[in-house]
Every structure is written in structure tokens, then in C-alpha cells.
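J.: Below: sequence and its predicted model.
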Amino acid sequence: MINYIKASVKRMSFDIFIHEKTNNLKLRKVIEFLLVPAGFIYLIILYLKNIYYEYISNNSYINELSVVSIVKDEGAYLEEWIEYHRLIGINKFYIYDNESDDQTFTILQPYIEKGIVTYIKIKGKVRQLDAYNDSLDKYGLNNKYLIYLDADEFIYCRDNLKNKINSLMVDRVACLKVNWLIFGSSGFEKKQNGFVTQNFIYRSEYDFEKNSHIKSICNPRRIIGFLNPHYPIILPKFKSINTKNHEVKGAFSAFSDKYFRINHYFTKSKEEFIKKKGRGMADNLKIRSLNDFKTHDRNEVLDQGMYKYKEKLEEIVRGCNSSSGR
């Protein structure tokens with residue numbers, strides 16, 4: 001019950017508003033403690049809303065599969081990331097821009113104008129959970145499923161992604177947890193031209209410990225809120241499963257499916273990792289060290305599973321650049 005109330009407090013628009021106004025984490029915690037009674041009431045409201053969505057409404061959606069992400073200075077990678085996920089069946093992106101200083105908005109503008117991207121500015125420190133919780137309230141009803149990804153994470157699914165998700169998200173399932181598969185630097189010291197998915201083709205073994213981390217695909221009507229960026233707190237009568245349909249809890253699950261996973265290009269080249277390190281983290285105030293690079297720079301296995309998308313991505317990006325005058 002404690003986590004249910006904490007998650008409902010985190011999801012409250014007033015709590016998110018306070019985080020916009022102060023970076024003082026201690027003050028944020030004090031205010032969240034004071035909001036506990038309101039959080040309990042909000043939890044009841046979420047439960048009643050779920051009853052309505054499950055048994056009364058017609059459950060019509062504008063989008064079937066949509067991605068939610070928070071980014072900071074990752075503009076150089078967004079075109080590939082969006083176009084790749086569009087190729088596999090995702091048609092909407094909710095991108096929270098956490099004070100980027102690069103060309104993020106300019107790069108996203110054509111997608112914003114076409115309605116492919118909804119662009120939201122989000123200020124301050126440690127705002128990832130706020131972005132995720134905000135998306136549940138603002139966009140949950142318009143989307144059958146919300147997929148929570150970072151801009152260095154690419155879903156890989158050998159089968160049709162929509163059909164695969166629909167076959168698993170049945171009965172009491174609120175959350176589908178998909179494993180990371182860590183890709184290393186492929187030996188590159190410097191940033192490479194071309195696509196991330198085509199440059200970095202060496203990865204870890206399936207049983208590498210970091211691959212037990214998961215990210216979540218959610219039915220937003222069955223979610224209370226996020227206390228952890230990897231997985232949500234779900235309403236009591238529902239469950240979370242992995243890609244093998246086994247019930248799991250928390251942010252970890254033994255690697256379960258080599259044909260349905262999230263390729264996580266955690267390091268890219270050493271130069272890019274050092275730049276990433278300088279941006280800080282979206283869910284806490286820590287700064288990564290080069291030990292994180294060493295830990296995640298795993299290149300034991302050649303994996304060219306993404307190669308089949310190379311020509312199509314090149315064709316799309318050439319067309320985008322030509323039409324935008326870039």
C-alpha cells in the first residue's frame with residue numbers, strides 16, 4: 001500500500017509542478033510527505049477510473065503504440081531513433097526535452113508539424129519520473145499502449161511488434177517488461193558517421209548481468225505511476241509479465257527472449273560516452289564515471305540483426321534531408 005500511495009503522489013500534477021519550481025530534493029520529499037492524504041484520495045480516483053475504462057467505456061484510441069522519452073542534448077540521434085521505430089509500427093512519440101542546448105527542437109520540428117512528435121519542455125534536475133507520470137495523465141487515454149524508452153534504446157522484435165504486444169497484453173496484464181541487450185563501442189574511440197544501429201554491431205552475451213534490466217510497455221489505464229524509470233507501480237488486481245509470459249516484479253528479469261528485446265547502445269564510442277557522462281542522469285544527481293564505460297563496453301558477439309533496416313533508413317533519411325533542405 002505504501003508504494004501505491006507514493007506512486008499516486010508522484011503522479012499528481014501538483015507534485016510535478018513543484019518539481020518544476022525547485023531542484024531541492026529534500027524540499028520535494030517534504031512536500032510529497034505532506035501530499036500523502038491527497039495521494040490516498042487520488043489512488044481511489046485512479047481505481048474508480050480503471051473500473052470505468054475496463055467495463056463501461058468503449059476503449060477507443062487515437063494511437064495503438066506510442067513512445068514516451070525524456071532527452072537532453074541527443075538531437076544527433078533522434079532522426080534515426082524515430083524513423084527506425086516508425087518502421088516497426090510505432091506512430092507517435094511524446095518527447096520531453098530537458099533543457100537541451102543542441103539542435104533537438106530544430107531536428108524534431110518536421111515531426112512536430114506532422115503530428116508524429118508531441119514536444120514538451122521540462123526544466124530542472126531529476127525529471128525523468130515526472131515526465132513519465134505526466135504522460136500517463138495527459139496522454140494515457142489516447143494510447144492503447146505507452147512504451148517508455150531512452151533515445152539510446154531501440155526495440156528489436158523479429159515478429160510484427162503490434163501483434164506480439166497484443167498477444168501478450170491480455171487478461172490482467174498491465175505491464176510488459178522487455179530486457180535490455182547491451183551493445184558496446186565496437187572498438188570505436190571517436191564518434192562515427194552513419195547510424196547507431198549499423199555502426200555498433202558487437203554486443204554482450206545474453207547472460208551478461210546488465211541484461212537483466214528491463215524497460216516497460218504499459219497499458220496506461222492500469223498504471224498508478226512511476227517510482228522507478230524501469231517499471232511502473234500497477235493497480236492491485238493486475239500483473240506484470242516478461243516476454244515469455246512469466247509474471248515478474250521489479251526492475252529485473254532474467255534475460256528471456258533474444259528475438260524480442262531492447263538493443264541498448266549504452267556506450268556508443270568512447271568519445272560519445274564521455275559527452276553523455278557530462279550531461280548527467282535524468283533520474284538522479286549522480287555523474288557517470290569511466291568505470292561505467294568499462295562495465296558496459298561489451299563486444300563479445302557480432303550481431304547484425306539491425307542490418308535489414310539499413311537501406312530503408314538511408315532512403316528515409318535522404319528523403320527527410322532533401323525535403324527540409326538539410
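T.: Nice, I can see it.
J.: If we go by neighbour counts, what in the host helix or strand of Ile5 is buried?
T.: Assigned by DSSP states H and E, Ile5 falls within helix 2-11. Neighbour-count burial for helix 2-11 flags Tyr4, Ile5, Lys6, Ala7, Ser8, Val9, Lys10, Arg11 (criterion: 16 or more other C-beta atoms under 10 Å). The C-beta positions use only the backbone N, C-alpha and C, and glycine is treated the same way.
J.: ok, how many other residues are close to the residue lying closest to the third one once chain neighbours are set aside?
T.: Meaning Lys6. Nearest residue to Lys6, sequence neighbours excluded (C-beta to C-beta, 6 or more residues apart in numbering): Leu227, at 5.8 Å. Using other C-beta atoms under 10 Å, the number of residues around Leu227 comes to 18.
J.: which other residues reach the helix or strand containing Leu227?
T.: Following DSSP H and E, one finds Leu227 within strand 223-228. The contact list for strand 223-228 (C-beta atoms under 8 Å, 6 or more residues apart in numbering) reads 3-4, 6-11, 43, 46, 129, 132-133, 136, 140, 174-175, 232-235, 251.
J.: try it again with 6 Å
T.: Identification of contacts with strand 223-228 by C-beta atoms under 6 Å, 6 or more residues apart in numbering yields 4, 6-8, 10-11, 46, 129, 132-133, 136, 232-234, 251.
J.: what does stretch 47-58 give?
T.: Contacts of stretch 47-58 (C-beta under 6 Å, 6+ apart): Arg221, Leu235.
J.: Just the buried residues of it, please?
T.: Asn50, Tyr53.
J.: Centre of the chain to that stretch, how far?
T.: In this view, stretch 47-58 has its centroid 26 Å away from the chain centroid, taken as C-alpha atoms, centre = their mean, to the nearest Å.
J.: now could you export just the CA positions of it as PDB?
T.: C-alpha atoms of stretch 47-58 as PDB (Å, rounded to 0.1, in the frame of the first residue of the first chain):
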ATOM      1  CA  TYR A  47      -9.000   2.800  -9.200                       C
ATOM      2  CA  LEU A  48     -12.500   4.100 -10.000                       C
ATOM      3  CA  LYS A  49     -11.300   5.400 -13.300                       C
ATOM      4  CA  ASN A  50      -9.900   2.000 -14.100                       C
ATOM      5  CA  ILE A  51     -13.300   0.400 -13.400                       C
ATOM      6  CA  TYR A  52     -14.900   2.800 -15.900                       C
ATOM      7  CA  TYR A  53     -12.200   2.200 -18.600                       C
ATOM      8  CA  GLU A  54     -12.400  -1.600 -18.200                       C
ATOM      9  CA  TYR A  55     -16.200  -2.100 -18.000                       C
ATOM     10  CA  ILE A  56     -18.000   1.000 -19.300                       C
ATOM     11  CA  SER A  57     -16.100   2.900 -21.900                       C
ATOM     12  CA  ASN A  58     -15.600   1.700 -25.500                       C
END
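J.: average pLDDT across that stretch?
T.: Average pLDDT, stretch 47-58: 87.
J.: Quick one: the helices in the stretch 101-250 of the chain, in order.
T.: Along the stretch 101-250 of the chain, counting by DSSP state H, counting those that start in this stretch, helices occupy 104-113, 128-139, 161-168, 196-199.
J.: could you pull out the strands for the stretch 101-250 of the chain?
T.: For the stretch 101-250 of the chain, strands defined by DSSP state E, counting those that start in this stretch occupy the ranges 117-121, 143-148, 153-157, 173-182, 202-203, 214-218, 223-228, 231-234, 239-242.
J.: Can you add mean pLDDT and distance to Asn91 and give these back as CSV?
T.: CSV is the format used below for the strands of the stretch 101-250 of the chain (pLDDT from 0 to 100; distance: least, C-beta to C-beta, whole Å):
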stretch, mean pLDDT, distance to Asn91
strand 117-121, 98, 11
strand 143-148, 97, 10
strand 153-157, 97, 14
strand 173-182, 97, 18
strand 202-203, 98, 28
strand 214-218, 97, 15
strand 223-228, 97, 21
strand 231-234, 97, 22
strand 239-242, 97, 24
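J.: Dump those strands to TSV, plus distance to Gly319.
T.: Shown next, in TSV, are the strands of the stretch 101-250 of the chain (distance: least, C-beta to C-beta, whole Å):
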stretch	distance to Gly319
strand 117-121	17
strand 143-148	25
strand 153-157	21
strand 173-182	30
strand 202-203	30
strand 214-218	29
strand 223-228	36
strand 231-234	37
strand 239-242	37
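J.: I'm done for today, thanks for sticking with me.
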